[in-house]
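In: Provided below for reference: sequence and predicted model.
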Amino acid sequence: MSDAAPARLNNGPTDTSGSAPAGRGRRALRMLALMGPAFIVGAWQFGPGNLTSAVQAGSRFGYSLIWVIAVSTLLMLIYTDMSIRIALVSKGSIVQTIKQHLGRWVGGLAGFGVFAITLMFSVGNAVGSGLGLSLVFGGSPMWWTLACTAVVVGILFARRLYTIIEKLVLVIVAIMAASFVATAIVTRPDWGAAAVGSVVPIVPAGVGLLIVALVGTNFSVNAAFYAGYASRERGLRREQYRETTLADTIPGIVAPGVMTALVIMAAAAVLPGVGGEDGATLKQFSTVLTPIAGEVGRTIFSLGFTGAALSAMIANATAGGTLLSDGLGFGNKLASWRVRAGILGVLGFGALVTVLARGASPVQLIIAAQALTVVVAPVLAVLLVVLANRRGLMGDLRNRWWHNVLAAIGLLAIGAVCYQLAVTSF
């Protein structure tokens, strides 16, 4: 026995040193496997409407509106987290849970509300996809929009739908992130002014619908609402909540916020005052990399913009079709023909408005469509807050006091931008 014991002791350190890296590797793989649902939501946020609004903000108002992105990202994180927690403790979907706890008509209203918002988003996504490709290849943005819509339909109706969507969106988001980080570095913005602009709340005169569009895209309650559906489609479990938060929710929501701020900074650095009250156009902004990369730089930006549009088209249409079907009581599985009919409806609406508005300014059309998305947001926000505070439903995942404080700030923010929309429009 005395001989055997030393043998075990001698082998112990070797086994431990070998298992530690293996354990860390398994943990890293497990964390990577949890990435997906929040990145789908982030891709929905970081679409052409967001990019267009960011370029306008930087060229017209410099660094002064970065604080809107910082606050919106924090609030988006809170509401996305609420949606995911509700999904993890519920037996059915979020709309089904609303019907169970708050009434069938309330659940139906929530589903239809998200669908209505996705119709508005679909316009910006459709216009943006065609605009981006027309900057690279020339031709009419309208025809490129129709081509992109056809491609997205093909992707959405492929087998193993959610897996394909998730992987495709993750790749596109990674490419976009690299593209816009490079853009911000090359343009050499005033980092000090950007830091001040991110913490000092200033509402410049003449901002109008622009601030509504910035909030509508970066604090997108309907996208947060859909996060719970994406989590259920992914099969996430309650015990995975903490790891999911670290691996998916936080990076998936923060990443588009950082990229939006970088776009504002780049536009403020290279296009201050360009375009006057209308702000710089995307064609003008696409030239930010030409001093060092020539035409390749313009192509890189334009393809990044198209990637943002395509990923947003996919996520937006998927959410719209799913929530409409669920709200009407037809289920929420992506393989259902009713869900797919709703998806086609969202994509078709965006393409139709693009064709009908072919003479309108693409940039102003995108901004107006994004601004209108805030109209239904207060209802969805209240529903998430109410469910997240139900002790019988949520258990230990119920909202803490600080959740509710930030959620209340979010409701005030939504109310303020709705008021701004009404004042600006009428």
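Out: Yes, it's here.
In: now stretch 94-104: how far from the chain's centre is it?
Out: 25 Å (Cα atoms, centre = their mean, to the nearest Å).
In: what residues of that stretch count as buried?
Out: When burial is assessed from 16 or more other Cβ atoms under 10 Å, stretch 94-104 yields the following buried residues: 94-99, 101-102. Every C-beta, even on glycine, is put in place using the N, C-alpha and C of the backbone.
In: and that stretch, average pLDDT?
Out: When pLDDT is averaged along stretch 94-104, the result is 92.
In: just the residues contacting it, thanks.
Out: 83, 86-87, 90-92, 106-108, 110-111, 225, 228-229, 323, 326-327, 332, 383, 386-387, 390, 393 (Cβ atoms under 8 Å, 6 or more residues apart in numbering).
In: are any of the residues you listed buried, and which?
Out: The neighbour count (16+ other Cβ under 10 Å) marks 83, 86-87, 90, 106-108, 110-111, 225, 228-229, 323, 326-327, 332, 383, 387, 390, 393 as buried among the contacts of stretch 94-104.
In: how about stretch 255-274: buried residues?
Out: 255-271, 274.
In: taking the residues you listed one by one, which sit in helices?
Out: 255-270 (DSSP state H).
In: closest to A213 among those residues?
Out: Nearest to A213 among these: T260, at 11.5 Å, using Cβ to Cβ.
In: correct me, but the closest one touches L65?
Out: No: counting by Cβ atoms under 8 Å, L65 is not a contact partner of T260; they are 10.2 Å apart.
In: out of the ones in helices among the buried residues of stretch 255-274, the closest to G348 would be?
Out: Nearest member of those to G348, counting by Cβ to Cβ, is P256, at 26.1 Å.
In: nearest residue to that closest one in space, please, no chain neighbours.
Out: F46 (3.7 Å; Cβ to Cβ, 6 or more residues apart in numbering).
In: now do the one you found against F330, distance only.
Out: Separation of F46 from F330 (Cβ to Cβ, to the nearest Å) stands at 30 Å.
In: these two: who's more crowded?
Out: F46 (30 against 16; other Cβ atoms under 10 Å).
In: what does the strand or helix carrying V386 contact?
Out: According to DSSP states H and E, V386 maps onto helix 377-388. In this structure, residues lying in contact with helix 377-388 by Cβ under 8 Å, 6+ apart are 79, 82-83, 85-86, 94, 97-98, 101-102, 106, 109-110, 113-114, 117, 216, 220-222, 224-225, 393-394, 398-399, 403-404, 407, 410-411, 414-415, 418.
In: next helix or strand past it?
Out: Next element after helix 377-388 (DSSP H and E): helix 391-394.
In: other SSEs contacting that next one?
Out: helix 66-89, helix 377-388 (3 or more Cβ pairs under 8 Å, 6 or more residues apart in numbering; DSSP states H and E).
In: give me the residue ranges of the stretch 301-426 of the chain where confidence is low.
Out: Within the stretch 301-426 of the chain, the segments meeting pLDDT under 70 span 358-375, 425-426.
In: tell me the secondary structure for P204?
Out: Of the three states, P204 takes coil according to DSSP: H, G, I helix; E, B strand; the rest coil.
In: spatially, what comes nearest to it if we skip its sequence neighbours?
Out: Nearest to P204 is F61, by Cβ to Cβ, 6+ apart, at 4.8 Å.
In: what sits against the one you found?
Out: 204, 207, 268.
In: tell me, how many residues neighbour the second one?
Out: Around V207 sit 20 other residues, with neighbours defined as other Cβ under 10 Å.
In: please tell me I have it right and it contacts L65.
Out: Yes: counting by Cβ under 8 Å, V207 touches L65, with 7.5 Å between them.
In: helices of the stretch 151-300 of the chain, start to end?
Out: 161-187, 191-199, 209-218, 221-234, 241-244, 250-270, 282-285, 290-293, 295-327 (DSSP state H, counting those that start in this stretch).
In: weakest of those by average pLDDT?
Out: Among these, helix 290-293 carries the lowest mean pLDDT, at a mean of 60.
In: as PDB, could you dump the C-alpha coordinates of stretch 90-102?
Out: Taking C-alpha atoms only, stretch 90-102 is exported to PDB below (Å, rounded to 0.1, in the frame of the first residue of the first chain):
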ATOM      1  CA  SER A  90     -42.600  29.600 -19.300                       C
ATOM      2  CA  LYS A  91     -44.200  26.400 -20.500                       C
ATOM      3  CA  GLY A  92     -45.200  28.100 -23.800                       C
ATOM      4  CA  SER A  93     -44.100  31.000 -25.800                       C
ATOM      5  CA  ILE A  94     -44.200  34.600 -24.500                       C
ATOM      6  CA  VAL A  95     -47.500  35.400 -26.300                       C
ATOM      7  CA  GLN A  96     -49.000  32.200 -25.000                       C
ATOM      8  CA  THR A  97     -47.800  33.200 -21.500                       C
ATOM      9  CA  ILE A  98     -49.400  36.600 -21.900                       C
ATOM     10  CA  LYS A  99     -52.700  35.000 -22.900                       C
ATOM     11  CA  GLN A 100     -52.500  32.700 -19.900                       C
ATOM     12  CA  HIS A 101     -51.800  35.500 -17.300                       C
ATOM     13  CA  LEU A 102     -53.300  38.600 -18.900                       C
END
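In: gap between it and the chain center?
Out: With Cα atoms, centre = their mean, you get 23 Å for stretch 90-102.
In: same check, this time on stretch 139-147
Out: 24 Å.
In: list the buried ones in it?
Out: 141-142, 144-146.
In: same deal with stretch 249-256?
Out: Neighbour-count burial for stretch 249-256, counted by 16+ other Cβ under 10 Å, picks out 249, 252-256.
In: out of the helices of the stretch 151-300 of the chain, which gets nearest to A54?
Out: helix 250-270 (4.0 Å).
In: need the pLDDT of M35.
Out: 46.
In: that older thread, return the closest of the ones in helices among the buried residues of stretch 255-274 with respect to R340.
Out: P256 (26.6 Å).
In: distance of that closest one relative to F112?
Out: Distance from P256 to F112, by Cβ to Cβ: 26 Å.
In: would you agree I250 is in contact with L77?
Out: Yes: I250 lies in contact with L77 (Cβ under 8 Å); the separation is 6.8 Å.
In: related to what we said a few turns ago, so of the buried residues of stretch 94-104, which ones are in helices?
Out: Per DSSP H, the buried residues of stretch 94-104 map to helices at 94-99, 101-102.
In: name the nearest of these relative to A195.
Out: Distances from A195 to those, taken by Cβ to Cβ, are shortest for I94, at 37.4 Å.
In: I appreciate the help and will end here.
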